[in-house]
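1. Just to be clear, the model below is a prediction. Sequence and coordinates:
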Amino acid sequence: RAAGIAMAYKLIEAAQSKWRAVNAPHLVKLVRDGATFEKGKLALPDSECVEVFCQAAGVDE
C-alpha cells in the first residue's frame, strides 16, 4: 500500500510540471454552470440563462 501511494505521488508530482495554469479564473464559474465555448468564445445557450452568462462573462447582450 505504501509503495502504491508513493508511486502515485511521484507520478502526480511529475505530471503537474506539464499542467497548464488557469489563466481565466473568472470563466471557471461559467464552465461549472454548464457554459460551452467554441473556438475560445462563449457560446450562449438559447435559454433564460443568457443574462446570467453574459453578466458573469462581462458581455453586453
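-> Alright, I've got the coordinates.
2. that's a helix at G4, yeah?
-> Yes - assessed with DSSP: H, G, I helix; E, B strand; the rest coil, G4 lies in a helix.
3. Report the contact partners of it.
-> Residues in contact with G4 (CB atoms under 8 Å, 6 or more residues apart in numbering): none are found. Glycine gets a C-beta too; all of them are placed from N, C-alpha and C.
4. Quick check: phi and psi on K18?
-> phi -100, psi 0 (degrees, to the nearest 10).
5. Just the pLDDT for it.
-> pLDDT for K18: 82.
6. count of neighbours near it?
-> 6 (other CB atoms under 10 Å).
7. What separation is there between it and L42?
-> 27 Å (CB to CB, to the nearest Å).
8. Next: G34.
-> G34 is 12 Å from L42, by CB to CB.
9. again, but for R1
-> 45 Å.
10. Would you mind telling me which of the two has more residues around it?
-> Between R1 and L42, counting by other CB under 10 Å, L42 is the more crowded of the two (16 against 5).
11. Could you grab the helix/strand/coil label for that one?
-> Relying on three-state DSSP, one would call L42 strand.
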